[in-house]
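>>> Generate coordinates for the sequence data below:
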Amino acid sequence: MKIVYRAENIIDANLVKNALADEGIGAFVGGHYLTGAAGELPVSGLVNVMVAESEWPQARVIAERIDAALAERRADPSYNDDWAADPV
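This next block holds a predicted model:
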């Protein structure tokens, strides 16, 4: 197995994993249990998406596409992730 994506959080990791699955690439998310040790361990770089080495080149292209879309959304000033500020 080879790391194809280092996620900021478990949600991003699973987005990548599911995108890979849609393309027929098996993936494994690891390290997410380590986030429970935040404060004792560094908070970044704990959650990784891994694939078989033979599928890494194709998986990397897909992971980079998802990462770019996530970065674009986070950079969009109209994006509001503060759902608690706008009660329904």
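>>> Can you list the low-confidence ranges for the chain?
Applying pLDDT under 70 to the chain picks out residues 32-45, 79-88.
>>> what comes up buried for the top helix by length along it?
Ranked by residue count and defined by DSSP state H, the top helix of the chain is helix 56-75. For helix 56-75, burial by neighbour count (16 or more other C-beta atoms under 10 Å) applies to W56, A59, I62, A63, I66, D67, L70. The way it works is simple: take the backbone N, C-alpha and C, and place the C-beta from them, glycine included.
>>> Helices of the protein, start to end?
10-22, 56-75.
>>> measure V29 to Q58 for me?
18 Å (C-beta to C-beta, to the nearest Å).
>>> try N48
18 Å.
>>> hmm, back to that, let me know which of the helices of the chain is the nearest to I3.
helix 56-75 (8.9 Å; C-beta to C-beta).
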